[in-house]
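*Asks:* Here is a sequence with its predicted model. Questions after.
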Amino acid sequence: MPQTASRIDFAYAFAPPHRVTLGRPDRSERTLVDLQPGSVRLAWSYDDLRGFPPAIFRTPPTLWSVTITPQVEGRAFARHTWKRAEGWLPSTLTRFEDPAGSITVELMGGMEAAVGRVELRNADGAPRRFALRCESGAWGENPGWLEPDHHRADHLTAGWNERADRVLLVGIGAETTSERLDRRPTGPRSLLMAWTLQPGETRTAWLVRPYHAYSADLAALRARGWAADMESGKREWRALVARAARYAIPDPGVLDAWRACLADLFIMREPAAGGHIAAVPGTEVYRAANTHEAAISAISLDQLGLHREAERGYRLPLELQEPDGNWDDNRGWGHTMWSCSGFKTWFIVSHWKLTGDRRYLERVYPRMLAASRWREQQRARTRVLEKGARPLTYGLMPRGFGDCGLYDGDDMYGVFLPHNIWAVYADKMAVEAARALGREADARELEAIYEAGRHDLLNAMERGAIAEDGYRWIPGAPGKTSGSLWGGLNALTPCELLPPDHPLIEGTIRHMESRLSPGGIPIHTGWLADGMWVAITLDNLAEAHLRRGDGDAAARYFRATLNHGTPLVTWCEERGQEAGTTTCTGDRQHLWTPITIVRTLRDMMVTEHPDGLHLALGADREWLGSGERIGVTGAATEWGPVSWSLRWDRSEGVVEGEVTLHPKRKPARLTVHVRLPDGARVAAASGMGRAPDPSVAPGGEALVWENPPARLRFRATVAMR
């Protein structure tokens, strides 16, 4: 595959509008950009999470919007396309084209404003009239409509529902701002920017949405160098992403998508009450702090070596614990979702293992202990016989809220297996933490809690599994087929309560894959019974395949997930199956998909299994087959930072590779997967220099070292099919 080619084409994108959100990392000032043929809509709020109680489901209202409609000779442009600037920045580069010329609008979150650079070009042989028509939404006014002799008509102010003189939008560089004899704009909430361009002429103008500015600031706004402000915003993002682990992947579409998703993890983090930085599941509908997506986001950052950002971004969920030990967000929007404490524990254990920070574990361990004791009290309330027999829900957590499309019959409240899987996992990790810290008395108590909870859960899963077509699968509620397929595979990963070859794991995978969309995405993984929560394709299914050693399935689902995004590399929460579907629910820019793309790509390239460290387990065969170098630099693992590279020389019939491990935290076993296309397999392999020879795994697709050195180079001879 040539280096410039990409298999990422967004062929299954849902219908416009497509959304991307502008802003700076970990800041409150956000601007929603919605693109659809013929127009660009900016929307925002002047409220933020600092004014709300922590982790409640209350979102800043999006009260402000401006719709921008470019025209040439008073008509719409013939063609309109959009993408991100540089392929990945939190930005838009949208181009309006016509035989008469073009207008290109680049929008970027700058240091002081959301900045739009407008480039106009007359491609015709005659003078042409170009215009940007900006119309404010429910609120706003153009002072030039009131007194055109006294006020310039190049800006919009709030008028109502805010300080009246707050500046909403400024247009800089227009030839004229009126088409009327009285010099007024088009309407009281309208801003016009218009030009007459001669043949071949180009112009540059600016649209500016200041974060904090008022009428008294207009002279400074008009004089400011907005090109520098925009470039400063870009530099900030480039510097942040450059600090993360780096991938060598020959598909530029994959790299751009990964960078875009990583950036969006920081777009969907912002200051919250109490000085916290909170992750939010979406940029509008779900712009409120929670525990679940925030955990995956923080783990993903940890895996890329951004440990400080990971830890800071997950302090708030860890503090949401009641005096009695309840760690399931009793005062927040996750209340009675008993998986909350499991996700919190997942982050804690991941952070401890990825950083080796024992003091961090010591600091948060008392929360884990208290939560396990509280959960045991709740389970004791359900260990009650019914007519002398144990019900399916015996020993499980009490009724709670399902979310994620889970239903107990026709009830969103009930007893749900996925939430209980995460609750028992939290107990399991509490045992491990107690032992690691030398708290043996605690460990014995916690192990009894864990074993009792695990026994009752496995009993409920076995008895409540659904049997069909010769296999059995894990439902959301024991014994019931109602609701979504979310969360059952978490019993395998990351919770490790069932082994990879357990019949219930195999049956659940088979059931999820029995009904796929035209683009290869499983159906009913969320609220939509006939739709898709695309994120769960990776979060549940691809990760389960990786844990079972099936890199081909993981790579296939990874590519399908990317191609269900928009050209802005964004995903709505849930959607219909078909390309161009108009069925979209939840946020139009939701967090769970980008965080799973960041996490799953890492696990495809570097992942920890109980038998040791695996490299390139899920690498797409075409990547190595391209002849270009593939690899990772600086990925954080439980054994310290890891870097590796592989390259196949087809003409020589060899693969050469290199691995660098931490000298003091090496795994007992290292497996490097050599995934080649067209049935090519490794026939023999040897170490180079002082590196020991690996053994070639059965099947010829992996090299294995026991007790590997910190640095090794190797060469593998490839046999073609």
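*Replies:* All right, it came through fine.
*Asks:* Can you give the distance of the helix or strand that contains residue 239 from its chain's centre?
*Replies:* Residue 239 is part of helix 226-242, with elements assigned from DSSP states H and E. Taking C-alpha atoms, centre = their mean, to the nearest Å, one finds the center of helix 226-242 at 21 Å from the center of the full chain.
*Asks:* So which other helices or strands are in contact with it?
*Replies:* strand 101-109, strand 113-122, helix 252-267 (3 or more C-beta pairs under 8 Å, 6 or more residues apart in numbering; DSSP states H and E). C-beta coordinates here come from the backbone N, C-alpha and C atoms, glycine included.
*Asks:* Using JSON lines, lay out those together with distance to residue 499 and mean neighbour count.
*Replies:* Formatted as JSON lines, these follow (distance: least, C-beta to C-beta, whole Å; neighbours: other C-beta atoms under 10 Å):
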{"stretch": "strand 101-109", "distance to residue 499": "46", "mean neighbour count": "23"}
{"stretch": "strand 113-122", "distance to residue 499": "50", "mean neighbour count": "23"}
{"stretch": "helix 252-267", "distance to residue 499": "31", "mean neighbour count": "23"}
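*Asks:* okay, the ones you listed in TSV with mean pLDDT and distance to residue 667 next?
*Replies:* Converted to TSV, these look like this (pLDDT from 0 to 100; distance: least, C-beta to C-beta, whole Å):
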stretch	mean pLDDT	distance to residue 667
strand 101-109	98	41
strand 113-122	98	46
helix 252-267	98	25
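*Asks:* mind giving me CSV with the ones you listed and columns for distance to residue 574?
*Replies:* Shown next, in CSV, are the helices and strands packed on helix 226-242 (distance: least, C-beta to C-beta, whole Å):
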stretch, distance to residue 574
strand 101-109, 27
strand 113-122, 28
helix 252-267, 18
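*Asks:* Can you list the strands that the following helix or strand past the helix holding residue 239 pairs with?
*Replies:* Sequence-wise, the next helix or strand downstream of helix 226-242 (DSSP H and E) is strand 246-248. Neighbouring strands of strand 246-248 in its sheet, by DSSP bridges, are strand 630-635 (antiparallel).
*Asks:* So what touches the helix or strand that the partner strand is followed by?
*Replies:* Downstream of strand 630-635, the first helix or strand assigned by DSSP H and E is strand 642-649. With C-beta atoms under 8 Å, 6 or more residues apart in numbering as the test, strand 642-649 has contacts from 248, 606, 613, 615-616, 624-625, 627-636, 654-662, 672, 674, 676, 718.
*Asks:* Send me strand 642-649 as CSV with only the CA atoms.
*Replies:* C-alpha atoms of strand 642-649 as CSV (Å, rounded to 0.1, in the frame of the first residue of the first chain):
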residue,chain,number,x,y,z
VAL,A,642,8.0,0.3,25.4
SER,A,643,9.1,1.1,21.9
TRP,A,644,9.2,-1.2,18.9
SER,A,645,9.3,-1.3,15.1
LEU,A,646,8.9,-3.8,12.3
ARG,A,647,9.6,-3.6,8.6
TRP,A,648,9.0,-6.2,5.9
ASP,A,649,11.3,-6.2,2.9
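*Asks:* for the record, mean pLDDT for that strand?
*Replies:* For strand 642-649, the mean pLDDT works out to 98.
*Asks:* how big is the angle separating that strand from strand 630-635?
*Replies:* Put simply, strand 642-649 runs at 170 degrees to strand 630-635, going by axes from the mean of the first three to the mean of the last three C-alpha atoms, to 10 degrees.
*Asks:* May I see the buried residues of strand 642-649?
*Replies:* 642-648 (16 or more other C-beta atoms under 10 Å).
*Asks:* Which residue ranges make up each domain of the protein?
*Replies:* Listed domain ranges for the chain are 18-238, 639-719 (source: automatic domain parsing).
*Asks:* Please enumerate the helices of the stretch 451-600 of the chain.
*Replies:* Secondary structure of the stretch 451-600 of the chain (DSSP state H, counting those that start in this stretch): helices at 503-512, 535-536, 543-547, 551-563, 592-605.
*Asks:* Need those helices in TSV (columns: mean pLDDT, distance to residue 281 and mean neighbour count).
*Replies:* Below are these laid out as TSV (pLDDT from 0 to 100; distance: least, C-beta to C-beta, whole Å; neighbours: other C-beta atoms under 10 Å):
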stretch	mean pLDDT	distance to residue 281	mean neighbour count
helix 503-512	98	23	20
helix 535-536	98	10	28
helix 543-547	98	19	24
helix 551-563	98	17	22
helix 592-605	98	7	26
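*Asks:* Let me know which of those is the nearest to residue 92.
*Replies:* Among the helices of the stretch 451-600 of the chain, the nearest to residue 92 by C-beta to C-beta is helix 592-605 (16.5 Å).
*Asks:* name the helices or strands packed onto the closest one?
*Replies:* Going by 3+ C-beta pairs under 8 Å, 6+ apart, helix 592-605 lies up against helix 252-267, helix 292-303, helix 535-536, helix 543-547, helix 551-563, strand 630-635.
*Asks:* what is residue 166 paired to in the beta sheet?
*Replies:* In this entry, residue 166 is beta-bridged to residue 214, by DSSP bridges.
*Asks:* So, low pLDDT: which residues of the protein?
*Replies:* Low-confidence segments of the chain (pLDDT under 70): 1-4.
*Asks:* and residue 283, how far is that from residue 571?
*Replies:* Per C-beta to C-beta, to the nearest Å, residue 283 is found 12 Å from residue 571.
*Asks:* more crowded one of those two?
*Replies:* When residue 283 and residue 571 are compared for neighbours, residue 571 comes out ahead with 31 against 28, by other C-beta atoms under 10 Å.
*Asks:* So what sits opposite the closest residue to residue 465 other than its chain neighbours in the bridge?
*Replies:* Take residue 465 and drop its neighbours on the chain: the residue closest to it by C-beta to C-beta, 6 or more residues apart in numbering is residue 472, 4.2 Å away. Bridge pairing for residue 472 (DSSP bridges) gives the partners residue 467.
*Asks:* try the one 5 residues further on
*Replies:* Each beta-bridge partner of residue 477 is listed here, defined by DSSP bridges: residue 480.
*Asks:* I'd assumed residue 409 was in contact with it.
*Replies:* Yes - using C-beta atoms under 8 Å, residue 477 is in contact with residue 409, at 7.3 Å.
*Asks:* Appreciated, that's everything.
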